[in-house]
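S.K.: with the input below, show me the fold.
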Amino acid sequence: MLTWLVRRLIQALFVVLAMTVIVFIGVHIIGNPVDILISPEADQAERARIIANLGLDQPLWRQYLVFLNGALHGDLGRSFVFNEPALKLIAGRMPATMELAVTAVLMSVVIGVPLGLYAGLKPNGLLGRTIMAGSILGFSLPTFWVGLMLIMVFAVQLGWLPSTGRGQTAALFGVQWSFLTWDGLRHMAMPALNLSLFNISLVLRLTRAGVRETLPMDFIKFARAKGLSPARVIFVHVLKNIMIPVVTVVGLELGSTIAFAVVTESVFAWPGMGKLIIDSINVLDRPVIVAYLMMIVLLFITINLLVDILYTMLDPRVRLETKG
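M.R.: Next up is the predicted model:
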(Lines give C-alpha, C1' and ligand atoms only; values in the text may rest on other atoms or scores of the structure.)
Protein backbone atom coordinates (compact mmCIF):
# COMPACT_ATOMS: atom_id res chain seq x y z
CA MET A 1 0.00 0.00 0.00
CA LEU A 2 2.80 2.41 0.90
CA THR A 3 4.64 1.67 -2.35
CA TRP A 4 1.46 2.24 -4.34
CA LEU A 5 0.86 5.56 -2.54
CA VAL A 6 4.41 6.77 -3.18
CA ARG A 7 4.10 5.82 -6.85
CA ARG A 8 0.84 7.77 -7.13
CA LEU A 9 2.38 10.82 -5.49
CA ILE A 10 5.28 10.76 -7.95
CA GLN A 11 2.84 10.48 -10.84
CA ALA A 12 0.86 13.41 -9.43
CA LEU A 13 4.04 15.49 -9.23
CA PHE A 14 4.81 14.90 -12.91
CA VAL A 15 1.20 15.72 -13.85
CA VAL A 16 1.39 19.03 -11.96
CA LEU A 17 4.70 19.91 -13.65
CA ALA A 18 3.28 19.13 -17.10
CA MET A 19 0.18 21.18 -16.37
CA THR A 20 2.25 24.19 -15.33
CA VAL A 21 3.84 24.21 -18.79
CA ILE A 22 0.52 23.76 -20.62
CA VAL A 23 -1.33 26.34 -18.53
CA PHE A 24 1.45 28.92 -18.64
CA ILE A 25 1.93 28.69 -22.40
CA GLY A 26 -1.81 28.48 -23.10
CA VAL A 27 -2.62 31.59 -21.09
CA HIS A 28 0.20 33.58 -22.66
CA ILE A 29 -0.96 33.03 -26.24
CA ILE A 30 -4.58 34.14 -25.81
CA GLY A 31 -3.86 37.85 -25.76
CA ASN A 32 -1.68 40.71 -24.59
CA PRO A 33 -2.73 42.26 -21.26
CA VAL A 34 -0.66 45.35 -22.09
CA ASP A 35 -3.33 46.45 -24.56
CA ILE A 36 -5.94 46.43 -21.77
CA LEU A 37 -3.96 47.54 -18.73
CA ILE A 38 -2.07 50.47 -20.28
CA SER A 39 -3.90 53.56 -21.43
CA PRO A 40 -3.61 54.29 -25.16
CA GLU A 41 -2.56 57.82 -24.26
CA ALA A 42 0.58 56.63 -22.44
CA ASP A 43 3.87 57.49 -24.16
CA GLN A 44 6.51 54.92 -25.08
CA ALA A 45 8.62 55.52 -21.96
CA GLU A 46 5.66 55.04 -19.64
CA ARG A 47 4.56 51.99 -21.61
CA ALA A 48 8.03 50.40 -21.42
CA ARG A 49 8.25 51.10 -17.66
CA ILE A 50 4.91 49.41 -16.93
CA ILE A 51 5.79 46.41 -19.13
CA ALA A 52 9.10 46.01 -17.28
CA ASN A 53 7.38 46.28 -13.88
CA LEU A 54 4.96 43.52 -14.89
CA GLY A 55 7.82 41.35 -16.10
CA LEU A 56 6.32 41.09 -19.59
CA ASP A 57 9.51 42.27 -21.28
CA GLN A 58 11.21 38.94 -20.56
CA PRO A 59 11.13 36.01 -23.01
CA LEU A 60 8.45 33.40 -22.32
CA TRP A 61 10.84 30.72 -21.08
CA ARG A 62 12.34 33.14 -18.54
CA GLN A 63 8.86 34.17 -17.38
CA TYR A 64 8.02 30.50 -16.89
CA LEU A 65 11.17 29.85 -14.83
CA VAL A 66 10.38 32.87 -12.66
CA PHE A 67 6.83 31.57 -12.21
CA LEU A 68 8.05 28.04 -11.39
CA ASN A 69 10.56 29.35 -8.86
CA GLY A 70 7.85 31.43 -7.20
CA ALA A 71 5.40 28.51 -7.22
CA LEU A 72 7.92 26.34 -5.35
CA HIS A 73 7.95 29.04 -2.65
CA GLY A 74 4.16 29.41 -2.57
CA ASP A 75 4.06 32.55 -4.74
CA LEU A 76 1.99 32.34 -7.93
CA GLY A 77 2.52 35.96 -8.90
CA ARG A 78 0.76 39.27 -8.26
CA SER A 79 -2.45 40.33 -9.90
CA PHE A 80 -2.00 42.97 -12.59
CA VAL A 81 -5.33 44.58 -11.66
CA PHE A 82 -5.56 44.28 -7.86
CA ASN A 83 -1.79 44.44 -7.20
CA GLU A 84 -2.19 41.65 -4.64
CA PRO A 85 -0.81 38.09 -4.57
CA ALA A 86 -2.93 35.97 -6.91
CA LEU A 87 -3.00 33.13 -4.40
CA LYS A 88 -4.41 35.47 -1.73
CA LEU A 89 -7.21 36.58 -4.06
CA ILE A 90 -8.16 32.99 -4.88
CA ALA A 91 -7.91 31.85 -1.26
CA GLY A 92 -10.30 34.64 -0.29
CA ARG A 93 -12.89 33.42 -2.81
CA MET A 94 -12.30 29.68 -2.37
CA PRO A 95 -14.53 29.11 0.71
CA ALA A 96 -17.58 30.42 -1.16
CA THR A 97 -16.97 28.09 -4.10
CA MET A 98 -16.06 25.10 -1.92
CA GLU A 99 -19.18 25.28 0.25
CA LEU A 100 -21.36 25.69 -2.84
CA ALA A 101 -19.74 22.73 -4.63
CA VAL A 102 -19.73 20.46 -1.56
CA THR A 103 -23.40 21.29 -0.86
CA ALA A 104 -24.28 20.51 -4.48
CA VAL A 105 -22.49 17.15 -4.34
CA LEU A 106 -24.13 16.25 -1.02
CA MET A 107 -27.52 17.12 -2.52
CA SER A 108 -26.80 14.88 -5.49
CA VAL A 109 -26.09 11.95 -3.15
CA VAL A 110 -28.99 12.61 -0.77
CA ILE A 111 -31.49 12.97 -3.63
CA GLY A 112 -29.95 10.76 -6.33
CA VAL A 113 -29.22 7.58 -4.33
CA PRO A 114 -32.76 7.09 -2.88
CA LEU A 115 -34.41 7.89 -6.21
CA GLY A 116 -32.05 5.58 -8.09
CA LEU A 117 -32.57 2.85 -5.50
CA TYR A 118 -36.34 3.06 -5.87
CA ALA A 119 -36.12 3.16 -9.68
CA GLY A 120 -33.90 0.07 -9.60
CA LEU A 121 -36.20 -1.87 -7.28
CA LYS A 122 -39.40 -0.84 -9.13
CA PRO A 123 -38.22 -0.42 -12.73
CA ASN A 124 -41.62 -1.07 -14.29
CA GLY A 125 -43.69 1.04 -11.90
CA LEU A 126 -45.14 4.41 -12.86
CA LEU A 127 -43.02 6.31 -10.34
CA GLY A 128 -39.87 4.44 -11.38
CA ARG A 129 -40.43 5.30 -15.03
CA THR A 130 -41.22 8.91 -14.11
CA ILE A 131 -37.98 9.20 -12.14
CA MET A 132 -35.92 7.90 -15.07
CA ALA A 133 -37.71 10.19 -17.50
CA GLY A 134 -37.12 13.16 -15.20
CA SER A 135 -33.44 12.36 -14.93
CA ILE A 136 -33.07 13.14 -18.63
CA LEU A 137 -33.89 16.76 -17.85
CA GLY A 138 -30.88 16.99 -15.55
CA PHE A 139 -28.60 16.03 -18.43
CA SER A 140 -30.39 18.08 -21.09
CA LEU A 141 -31.32 21.45 -19.59
CA PRO A 142 -28.58 24.12 -19.76
CA THR A 143 -27.39 25.32 -16.37
CA PHE A 144 -27.76 29.04 -17.08
CA TRP A 145 -31.38 28.61 -18.25
CA VAL A 146 -32.32 26.54 -15.20
CA GLY A 147 -30.73 29.17 -12.96
CA LEU A 148 -32.73 31.96 -14.58
CA MET A 149 -35.94 29.93 -14.26
CA LEU A 150 -35.24 29.28 -10.57
CA ILE A 151 -34.74 32.99 -9.99
CA MET A 152 -37.93 33.86 -11.88
CA VAL A 153 -40.07 31.35 -9.99
CA PHE A 154 -38.71 31.28 -6.44
CA ALA A 155 -37.32 34.81 -6.17
CA VAL A 156 -39.47 36.95 -8.45
CA GLN A 157 -42.86 35.22 -8.58
CA LEU A 158 -43.04 33.54 -5.16
CA GLY A 159 -40.53 35.66 -3.27
CA TRP A 160 -39.40 32.70 -1.17
CA LEU A 161 -35.65 32.89 -1.74
CA PRO A 162 -33.12 35.66 -2.47
CA SER A 163 -31.79 35.67 -6.00
CA THR A 164 -28.19 36.89 -5.66
CA GLY A 165 -25.34 37.21 -3.22
CA ARG A 166 -24.08 35.06 -0.41
CA GLY A 167 -26.18 36.44 2.42
CA GLN A 168 -25.16 36.65 6.04
CA THR A 169 -22.07 34.64 6.99
CA ALA A 170 -20.53 33.41 10.23
CA ALA A 171 -16.91 32.69 11.09
CA LEU A 172 -15.55 29.19 11.64
CA PHE A 173 -11.79 28.63 11.99
CA GLY A 174 -11.27 32.20 10.86
CA VAL A 175 -13.21 31.73 7.58
CA GLN A 176 -16.62 33.14 6.73
CA TRP A 177 -19.23 30.51 5.80
CA SER A 178 -22.81 30.89 4.58
CA PHE A 179 -24.11 27.51 5.75
CA LEU A 180 -23.78 28.57 9.40
CA THR A 181 -26.62 31.11 9.17
CA TRP A 182 -30.25 30.78 8.09
CA ASP A 183 -29.93 33.73 5.70
CA GLY A 184 -26.83 32.16 4.16
CA LEU A 185 -28.64 28.85 3.65
CA ARG A 186 -31.51 30.65 1.92
CA HIS A 187 -29.05 32.36 -0.42
CA MET A 188 -27.29 29.03 -1.08
CA ALA A 189 -30.40 26.97 -1.82
CA MET A 190 -30.99 27.92 -5.46
CA PRO A 191 -27.36 28.01 -6.70
CA ALA A 192 -26.61 24.68 -4.97
CA LEU A 193 -29.69 23.06 -6.50
CA ASN A 194 -28.85 24.46 -9.92
CA LEU A 195 -25.28 23.18 -9.66
CA SER A 196 -26.38 19.73 -8.49
CA LEU A 197 -28.97 18.91 -11.19
CA PHE A 198 -26.51 17.17 -13.52
CA ASN A 199 -24.94 15.21 -10.67
CA ILE A 200 -28.36 14.18 -9.32
CA SER A 201 -29.22 12.65 -12.68
CA LEU A 202 -25.80 10.99 -12.92
CA VAL A 203 -25.94 9.47 -9.43
CA LEU A 204 -29.57 8.44 -9.96
CA ARG A 205 -28.86 6.53 -13.16
CA LEU A 206 -25.66 5.01 -11.78
CA THR A 207 -27.47 3.79 -8.67
CA ARG A 208 -30.35 2.38 -10.69
CA ALA A 209 -27.98 0.51 -13.00
CA GLY A 210 -26.06 -0.86 -10.02
CA VAL A 211 -29.23 -2.13 -8.36
CA ARG A 212 -30.43 -3.85 -11.53
CA GLU A 213 -27.01 -5.48 -11.95
CA THR A 214 -26.64 -6.57 -8.32
CA LEU A 215 -30.10 -8.03 -7.60
CA PRO A 216 -29.71 -11.18 -9.79
CA MET A 217 -26.30 -12.07 -8.32
CA ASP A 218 -25.78 -15.27 -6.34
CA PHE A 219 -24.83 -13.63 -3.04
CA ILE A 220 -28.13 -11.70 -3.03
CA LYS A 221 -30.05 -14.94 -3.65
CA PHE A 222 -28.05 -16.59 -0.87
CA ALA A 223 -28.82 -13.73 1.54
CA ARG A 224 -32.53 -14.08 0.81
CA ALA A 225 -32.32 -17.86 1.19
CA LYS A 226 -30.80 -17.38 4.66
CA GLY A 227 -33.99 -15.57 5.65
CA LEU A 228 -32.61 -12.05 5.88
CA SER A 229 -35.22 -9.32 5.79
CA PRO A 230 -35.69 -7.44 2.48
CA ALA A 231 -34.55 -4.21 4.16
CA ARG A 232 -31.29 -5.82 5.30
CA VAL A 233 -30.66 -7.33 1.88
CA ILE A 234 -31.18 -3.97 0.18
CA PHE A 235 -29.49 -1.59 2.61
CA VAL A 236 -26.57 -3.82 3.60
CA HIS A 237 -25.75 -6.13 0.70
CA VAL A 238 -27.09 -4.27 -2.35
CA LEU A 239 -26.34 -0.72 -1.26
CA LYS A 240 -22.82 -1.55 -0.08
CA ASN A 241 -21.88 -2.97 -3.47
CA ILE A 242 -23.40 -0.22 -5.59
CA MET A 243 -21.77 2.50 -3.48
CA ILE A 244 -18.31 1.60 -4.81
CA PRO A 245 -18.84 3.11 -8.29
CA VAL A 246 -21.06 5.85 -6.83
CA VAL A 247 -18.29 6.99 -4.48
CA THR A 248 -15.80 6.99 -7.34
CA VAL A 249 -18.00 9.05 -9.64
CA VAL A 250 -19.11 11.46 -6.90
CA GLY A 251 -15.49 12.06 -5.91
CA LEU A 252 -14.49 12.85 -9.48
CA GLU A 253 -17.58 15.00 -9.98
CA LEU A 254 -16.64 17.09 -6.94
CA GLY A 255 -13.61 18.34 -8.83
CA SER A 256 -15.69 19.00 -11.94
CA THR A 257 -18.32 20.81 -9.88
CA ILE A 258 -15.70 23.12 -8.40
CA ALA A 259 -14.13 23.78 -11.78
CA PHE A 260 -17.38 24.36 -13.67
CA ALA A 261 -19.23 26.40 -11.03
CA VAL A 262 -18.42 29.47 -13.13
CA VAL A 263 -21.84 29.63 -14.84
CA THR A 264 -23.83 29.18 -11.64
CA GLU A 265 -21.75 31.75 -9.78
CA SER A 266 -22.23 34.24 -12.61
CA VAL A 267 -26.01 33.73 -12.78
CA PHE A 268 -26.53 34.05 -9.02
CA ALA A 269 -23.71 36.61 -8.44
CA TRP A 270 -22.13 34.18 -6.00
CA PRO A 271 -18.77 35.70 -4.91
CA GLY A 272 -16.61 32.65 -5.53
CA MET A 273 -13.60 31.72 -7.62
CA GLY A 274 -15.71 31.36 -10.76
CA LYS A 275 -16.74 35.00 -10.77
CA LEU A 276 -13.16 36.04 -10.05
CA ILE A 277 -11.82 34.07 -13.02
CA ILE A 278 -14.44 35.54 -15.37
CA ASP A 279 -13.46 39.07 -14.30
CA SER A 280 -9.77 38.19 -14.66
CA ILE A 281 -10.26 36.78 -18.16
CA ASN A 282 -12.03 39.96 -19.23
CA VAL A 283 -8.93 42.01 -18.33
CA LEU A 284 -6.37 39.27 -19.13
CA ASP A 285 -5.06 39.23 -15.56
CA ARG A 286 -2.57 36.43 -16.29
CA PRO A 287 -1.28 35.71 -12.76
CA VAL A 288 -4.82 35.21 -11.43
CA ILE A 289 -5.80 33.03 -14.40
CA VAL A 290 -2.71 30.84 -14.07
CA ALA A 291 -3.07 30.59 -10.27
CA TYR A 292 -6.75 29.62 -10.61
CA LEU A 293 -6.04 26.93 -13.17
CA MET A 294 -3.20 25.53 -11.07
CA MET A 295 -5.43 25.42 -8.00
CA ILE A 296 -8.05 23.50 -10.01
CA VAL A 297 -5.38 21.05 -11.21
CA LEU A 298 -4.18 20.47 -7.65
CA LEU A 299 -7.76 19.98 -6.45
CA PHE A 300 -8.43 17.41 -9.18
CA ILE A 301 -5.25 15.49 -8.40
CA THR A 302 -5.89 15.54 -4.64
CA ILE A 303 -9.50 14.45 -5.02
CA ASN A 304 -8.55 11.67 -7.44
CA LEU A 305 -5.92 10.42 -4.99
CA LEU A 306 -8.40 10.45 -2.09
CA VAL A 307 -10.99 8.63 -4.23
CA ASP A 308 -8.44 5.94 -5.11
CA ILE A 309 -7.57 5.47 -1.44
CA LEU A 310 -11.26 5.29 -0.50
CA TYR A 311 -11.87 2.85 -3.34
CA THR A 312 -9.21 0.50 -2.00
CA MET A 313 -10.85 0.65 1.42
CA LEU A 314 -14.30 -0.22 0.02
CA ASP A 315 -13.31 -2.94 -2.44
CA PRO A 316 -11.12 -5.84 -1.15
CA ARG A 317 -10.25 -6.84 -4.73
CA VAL A 318 -8.51 -3.53 -5.29
CA ARG A 319 -6.53 -3.99 -2.06
CA LEU A 320 -5.29 -7.35 -3.29
CA GLU A 321 -4.24 -5.84 -6.64
CA THR A 322 -2.48 -3.02 -4.81
CA LYS A 323 -0.50 -5.46 -2.67
CA GLY A 324 0.40 -7.48 -5.73
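S.K.: quick one: the strands in the stretch 101-250 of the chain?
M.R.: 170-172, 175-177 (DSSP state E, counting those that start in this stretch).
S.K.: now the ones you listed as JSON lines including mean pLDDT, distance to Val307 and mean neighbour count?
M.R.: Placement of C-beta: from N, CA and C, glycine included. Below are the strands of the stretch 101-250 of the chain laid out as JSON lines (pLDDT from 0 to 100; distance: least, CB to CB, whole Å; neighbours: other CB atoms under 10 Å):
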{"stretch": "strand 170-172", "mean pLDDT": "83", "distance to Val307": "26", "mean neighbour count": "11"}
{"stretch": "strand 175-177", "mean pLDDT": "82", "distance to Val307": "25", "mean neighbour count": "17"}
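S.K.: looking at these, spot the one closest to Ala48.
M.R.: The closest of the strands of the stretch 101-250 of the chain to Ala48 is strand 175-177. By CB to CB, the value is 41.7 Å.
S.K.: elements contacting the closest one?
M.R.: Secondary-structure packing of strand 175-177 (3 or more CB pairs under 8 Å, 6 or more residues apart in numbering; DSSP states H and E): helix 86-121, strand 170-172.
S.K.: again, 10 Å this time
M.R.: Under the contact criterion of 3 or more CB pairs under 10 Å, 6 or more residues apart in numbering; DSSP states H and E, strand 175-177 touches helix 86-121, strand 170-172, helix 182-214.
S.K.: burial of the residue nearest to Arg205 when sequence neighbours are not counted, as a residue count?
M.R.: The shortest distance from Arg205 to any non-neighbouring residue, by CB to CB, 6 or more residues apart in numbering, is to Ser135 (5.8 Å). Ser135 has 22 neighbouring residues, counting by other CB atoms under 10 Å.
S.K.: look up how far Met94 lies from Ser135.
M.R.: 31 Å (CB to CB, to the nearest Å).
S.K.: check Val307 too.
M.R.: When CB to CB is the yardstick, Val307 and Met94 sit 20 Å from each other.
S.K.: hmm, back to that, the helices and strands packed on strand 175-177: which one's closest to Leu276?
M.R.: Taking CB to CB, helix 86-121 is the member of those nearest to Leu276, at 5.0 Å.
S.K.: can you name every helix or strand that that closest one contacts?
M.R.: helix 126-140, strand 175-177, helix 182-214, helix 239-259, helix 262-267, helix 273-282, helix 286-314.
S.K.: what's the closest non-adjacent residue to the most centrally placed residue in the chain?
M.R.: For the chain, the residue sitting closest to the mean C-alpha position, by CA atoms, centre = their mean, is Ile258 at 2.1 Å. The spatially closest residue to Ile258, leaving aside those adjacent along the chain, is Ala101, at 4.5 Å (CB to CB, 6+ apart).
S.K.: for the residue nearest to Arg205, what are its contacts?
M.R.: Counting by CB atoms under 10 Å, 6 or more residues apart in numbering, Ser135 makes contact with Gly112, Leu115, Gly116, Ala119, Leu197, Ile200, Ser201, Leu202, Val203, Leu204, Arg205, Arg208.
S.K.: and with 7 Å instead?
M.R.: For Ser135, the contacting residues are Ser201, Leu204, Arg205, by CB atoms under 7 Å, 6 or more residues apart in numbering.
S.K.: in terms of pLDDT, where does it sit?
M.R.: Looking at Ser135, its pLDDT reads 83.
S.K.: now Ala261: closest residue in space, sequence neighbours ignored.
M.R.: Gly274 (4.8 Å).
S.K.: for Thr103, see how far away that neighbour is.
M.R.: Distance of Gly274 to Thr103, computed by CB to CB: 15 Å.
S.K.: okay, the two: which has more neighbours?
M.R.: For Gly274 versus Thr103, neighbours defined as other CB under 10 Å are more numerous around Gly274 (24 against 21).
S.K.: from Leu180, how far out is the more buried one?
M.R.: Distance from Gly274 to Leu180, by CB to CB: 22 Å.
S.K.: what does Phe154 give?
M.R.: For Phe154, the distance to Leu180 - CB to CB - is 22 Å.
S.K.: between these two, who's got more neighbours?
M.R.: Neighbours per residue (other CB under 10 Å) separate Phe154 from Leu180, with Phe154 holding more: 17 against 14.
S.K.: check contacts around that one.
M.R.: Taking CB under 7 Å, 6+ apart, one finds Trp160, Leu161, Met190 in contact with Phe154.
S.K.: mind running it again at 10 Å?
M.R.: By CB under 10 Å, 6+ apart, the contact list for Phe154 reads Trp160, Leu161, Pro162, Ser163, Ala189, Met190, Leu193.
S.K.: buried only: go through those for me.
M.R.: Among the contacts of Phe154, the ones that count as buried by 16 or more other CB atoms under 10 Å are Leu161, Pro162, Ser163, Ala189, Met190, Leu193.
S.K.: report the lowest-confidence entry in the residues you listed.
M.R.: For those, the pLDDT minimum is Ser163, 84.
S.K.: now do that residue against Thr169, distance only.
M.R.: Separation of Ser163 from Thr169 (CB to CB): 18 Å.
S.K.: distance of the residue nearest to Ile258 from Ile234?
M.R.: As judged by CB to CB, Ala101 and Ile234 stand 30 Å apart.
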